[in-house]
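Enquirer: Sequence isn't available, so here's the structure alone:
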């Protein structure tokens, strides 16, 4: 069974850091593009970042560029999102999805496969 499970969300102060994890089971992550998305209450889903399966090329939304870093650990079959200099506007549920290839924002992934999981809550507040 194909499954992506997110973890690592927490409550942090502005300027803080977090690392989110997206662990895959039932398939090999590096065969696909893996993207992070977020959705805040009352707002549309936002594509945050993507890492391609073929060459680890990365894509970032302008809102997170320079602050977030996406990476992959093929041994652990896990993709990470390292988040630094967090802002209150980064508060959202973050979730990962897989697809065929990365795409420029706002789409992030050209064609999404499967369905989203429960995600992990990130709250940035003093």
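Expert: Structure's in. What do you need? Here the structure is a predicted model, which is why all the values come from computation and not from measurement.
Enquirer: Am I right that residue 30 falls within a helix?
Expert: Yes: Residue 30: assigned to a helix according to DSSP: H, G, I helix; E, B strand; the rest coil.
Enquirer: is it true that it touches residue 52?
Expert: No: between residue 30 and residue 52 there is no contact under C-beta atoms under 8 Å: 9.3 Å. For the C-beta atoms, the positions are set from N, CA and C on the backbone; glycine is no exception.
Enquirer: Report pLDDT for the residue of the chain positioned farthest from its centre.
Expert: In the chain, counting by C-alpha atoms, centre = their mean, residue 126 sits farthest out from the average C-alpha position, at 23.5 Å. Residue 126 carries a pLDDT score of 95 in this model.
Enquirer: repeat for residue 117
Expert: For residue 117, the pLDDT comes out at 85.
Enquirer: circling back: residues contacting the residue farthest from the centre of the chain?
Expert: By C-beta atoms under 8 Å, 6 or more residues apart in numbering, the contact set of residue 126 is 13-14.
Enquirer: and with 10 Å instead?
Expert: 12-16, 88 (C-beta atoms under 10 Å, 6 or more residues apart in numbering).
Enquirer: among the residues you listed, who's most crowded?
Expert: residue 12 (18 neighbours; other C-beta atoms under 10 Å).
Enquirer: Would you confirm that residue 114 contacts residue 4?
Expert: Yes: between residue 114 and residue 4 there is a contact under C-beta atoms under 10 Å: 7.4 Å.
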